[in-house]
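K.L.:
structure for the following, please:
(one chain, ligands or ions: 1)
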Amino acid sequence: MVSSEPGTFAYDVWHKRHPALFQRLKEALPYGPARRDALDALLEETLSGTLTPLPSDADEASLWNGPWDRGHYGKGWTEAPFLWAESYFYRRLRGATGYAYDGAGSGGTAGDRAWRGVDPFAPFKEAELVGSAVEGQLAALDTLEEALVDERTDALLLGALWGNRADLGFLITAAESEGDRPLVADDRDALRALLRTTEERGGHVVLVADNAGRELIPDLLLAAHLLDSGRASTLALHVKPHPYYVSDAVTSDVLAALRRIAAAPGAAGRAGHRLWAALEEGRLEIRTAAFSCAPLTYDAMPEALRAEFASAALTVFKGDLNYRRLVGDRHWAPTTPFADVTAYFPGPVAALRTLKSDVAVGLDAATVTALDGSGEAWRTNGAHALIHVRD
Ligand SMILES: O=P(O)(O)OC[C@@]1(O)O[C@H](CO)[C@@H](O)[C@@H]1O
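P.N.:
Below you'll find the model as predicted:
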């Protein structure tokens, strides 16, 4: 998938989503002239310039100039594969805002450490946690207290799934879609069945999270339920090592969400305290892998990460970008089986995702016909969702 063709989803990300994002970034934090100029220059470069490698002393240079280099330097930004170029865009954005070090030779602000590690997206992510939507998500847990384990699992899976609609990058240019619709692929029965057998397969579950705020809250409530119910004896929550794709969760976002949950009244507050204790005891672990911010699909994952997924009774991937990276960022026929495209994955794997990009697999032919006939941009408008599982 490339982004040079007008009218495509990828083209719009560069030409509509990113300019709006830069505007918001400059409004959200008081970056000085040098950073504002760096942001303007980066936006201009991505629209009409070529990809240049990071200086060798820059943060992450050993990855981008090493195992993640796929020979795209020298190409126009929109001529390189969409997945690769957009991931590199977020690395360069971290540099322009001063979050990351861009190397000694990269201009007047390179030696200035004042903004190092300051998450440029934090204002957006923080705002989410004070909204009434989060209050509703937390209060909803009270209604599940009497439910059977499978019913709770089902409800919390759906909460985590639809939470993926709250993706701040997507919402920059999209209207928030209304109401939950029937899933376009629904492997919930198989997923619940798999979760009933995790214990006999070691009991370790990996949840590869996506966005902070309104997505992370239901993800953490799901994690609490999996641990409380014995569906998971240990759980690793993978988040990004760096700010990425606007609202992707980093460790500080997990801690903020956890504090928000623990401060809630009722069942949510109690779940928050149990999650806190689970972290202290090591039953819940927050993990960050460099590869989570890689511009590559998961079939290229490094050996250590492969071994980690192989040791899990189940790995659950959240969100659209993780889905693209899991199944391959291609124009698949949407009826291509999920099991086929994830055959390389070293253990049982599930995907929970709202549809916000062109990639789709694992749909049945009748569903595709109905979606195509609906006249809506079903692949990209965020109004549809799916759950896939491969044992
Ligand atoms: O992974 P998420 O948060 O569900 O969605 C990420 C996203 O907003 O950004 C990418 C394009 O910029 C697409 O994969 C999708 O539209």
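
K.L.:
ok now do the residue nearest to Val389 when sequence neighbours are not counted, which residues does it touch?
P.N.:
Nearest non-adjacent residue to Val389, counting by C-beta to C-beta, 6 or more residues apart in numbering: Asp187, 4.1 Å away. Using the backbone N, CA and C atoms, a C-beta is placed for each residue, glycine as well. By C-beta atoms under 8 Å, 6 or more residues apart in numbering, Asp187 lies in contact with Ala350, Ile387, His388, Val389.

K.L.:
run through the residues that contact the second one.
P.N.:
If I follow you right, that is Ile387. Contacts of Ile387 (C-beta under 8 Å, 6+ apart): Leu157, Leu161, Leu183, Ala185, Asp186, Asp187, Arg188, Leu191, Ala350, Ala351, Leu352.

K.L.:
would you say it is within a helix?
P.N.:
No. Counting by DSSP: H, G, I helix; E, B strand; the rest coil, Ile387 falls outside a helix, being strand.

K.L.:
which residues does it bridge with?
P.N.:
When assigned by DSSP bridges, Ile387 has beta-bridge partners Asp186, Leu352.

K.L.:
distance of it from the ligand?
P.N.:
14 Å (C-beta to the nearest ligand atom, to the nearest Å).

K.L.:
count the neighbours of Leu191 for me.
P.N.:
Per other C-beta atoms under 10 Å, the neighbour tally for Leu191 reads 22.

K.L.:
right, and it touches Leu157 too?
P.N.:
Yes. Counting by C-beta atoms under 8 Å, Leu191 does reach Leu157; the two are 6.8 Å apart.

K.L.:
which one of the contacts of Asp187 is nearest to Leu363?
P.N.:
Comparing the contacts of Asp187 against Leu363 with C-beta to C-beta places His388 closest, at 9.8 Å.

K.L.:
who are the neighbours in contact with the closest one?
P.N.:
With C-beta under 8 Å, 6+ apart, His388 has these contacts: Ala185, Asp187, Phe338, Ala350, Ala351, Val361, Gly362.

K.L.:
repeat for Trp14
P.N.:
Trp14 neighbours (C-beta under 8 Å, 6+ apart): Ser3, Thr46, Leu47, Trp77, Thr78.

K.L.:
near the ligand, which residues of the stretch 201-350 of the chain?
P.N.:
Within the stretch 201-350 of the chain, the residues that sit near the ligand (C-beta under 6 Å from any ligand atom) are Asp210, Asn211, Tyr245, Gly319, Asp320, Leu321, Arg324.

K.L.:
which of the contacts of Trp14 sit farthest apart?
P.N.:
Farthest pair in the contacts of Trp14, by C-beta to C-beta: Ser3 and Leu47, 10.7 Å.

K.L.:
rewinding a little: dump the contacts of Asp187 into a markdown table; add distance to Ser87 and pLDDT as well.
P.N.:
Converted to a markdown table, the contacts of Asp187 look like this (distance: C-beta to C-beta, whole Å; pLDDT from 0 to 100):
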| residue | distance to Ser87 | pLDDT |
| --- | --- | --- |
| Ala350 | 23 | 98 |
| Ile387 | 25 | 98 |
| His388 | 23 | 98 |
| Val389 | 26 | 98 |
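
K.L.:
Leu220: which of those is nearest?
P.N.:
When the contacts of Asp187 are compared against Leu220 (criterion: C-beta to C-beta), the nearest one is Ala350, at 17.2 Å.

K.L.:
confirm the closest one sits in a helix?
P.N.:
No. Counting by three-state DSSP, Ala350 falls outside a helix, being strand.

K.L.:
quick one, which of Ser3 and Leu47 is more surrounded?
P.N.:
Legend: neighbour count by other C-beta under 10 Å for Ser3 and Leu47, higher for Ser3 (24 against 14).

K.L.:
wait, the more buried one sits on Arg17?
P.N.:
No. Using C-beta under 8 Å as the test, Ser3 is too far from Arg17 to be in contact (10.9 Å).
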